[in-house]
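Novice: sequence unknown, structure follows:
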């Protein structure tokens, strides 16, 4: 199962790489396709760092898009949106305090 997954990741990374020309992508693809074990190992050694950077950048971009969609769909008030963008919680210190014991008792 792992052997199917790793070459798939390599093929996906080859075609997502913006720093490779079309010919370089074709050569990497052929190398990994016809000599899979050596091709995958050489690709991971030669381009493993940039592969990780592209994956991390894509994950950050997807996270931003999902957060933006959720905020738009939920209709978050602008104060909560600006507090989130500033890295602060949207609530105030007063609203996060626990209720006093007298406020918790039901009235009879």
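Specialist: Looks like it arrived, so ask away. This one's a predicted model, so the numbers in the text were calculated from it and none came from an experiment.

Novice: Any idea how many residues pack against residue 2?
Specialist: Neighbour count for residue 2, taken as other Cβ atoms under 10 Å: 5. Every C-beta, even on glycine, is put in place using the N, C-alpha and C of the backbone.

Novice: gap between it and residue 9?
Specialist: 11 Å (Cβ to Cβ, to the nearest Å).

Novice: Need the overlap of contacts for the two.
Specialist: Where contact means Cβ atoms under 8 Å, 6 or more residues apart in numbering, no residue is in contact with each of residue 2 and residue 9.

Novice: Now do the helices in this structure.
Specialist: 2-16, 22-34, 36-74, 78-85, 101-104 (DSSP state H).

Novice: Tell me where this protein is predicted with low confidence.
Specialist: 76-108 (pLDDT under 70).

Novice: Let me see the contact set for the closest residue to residue 42 other than its chain neighbours.
Specialist: Nearest residue to residue 42, sequence neighbours excluded (Cβ to Cβ, 6 or more residues apart in numbering): residue 31, at 7.3 Å. By Cβ under 8 Å, 6+ apart, the contact list for residue 31 reads 39, 42, 43.

Novice: Show the contacting residues for residue 10.
Specialist: Neighbour list for residue 10: 32, 39, 40, 43, 44 [criterion: Cβ under 8 Å, 6+ apart].

Novice: ok, back up a step: now the contacts of residue 31 as JSON lines including distance to residue 56 and neighbour count?
Specialist: Formatted as JSON lines, the contacts of residue 31 follow (distance: Cβ to Cβ, whole Å; neighbours: other Cβ atoms under 10 Å):
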{"residue": "39", "distance to residue 56": "24", "neighbour count": "18"}
{"residue": "42", "distance to residue 56": "22", "neighbour count": "14"}
{"residue": "43", "distance to residue 56": "18", "neighbour count": "21"}
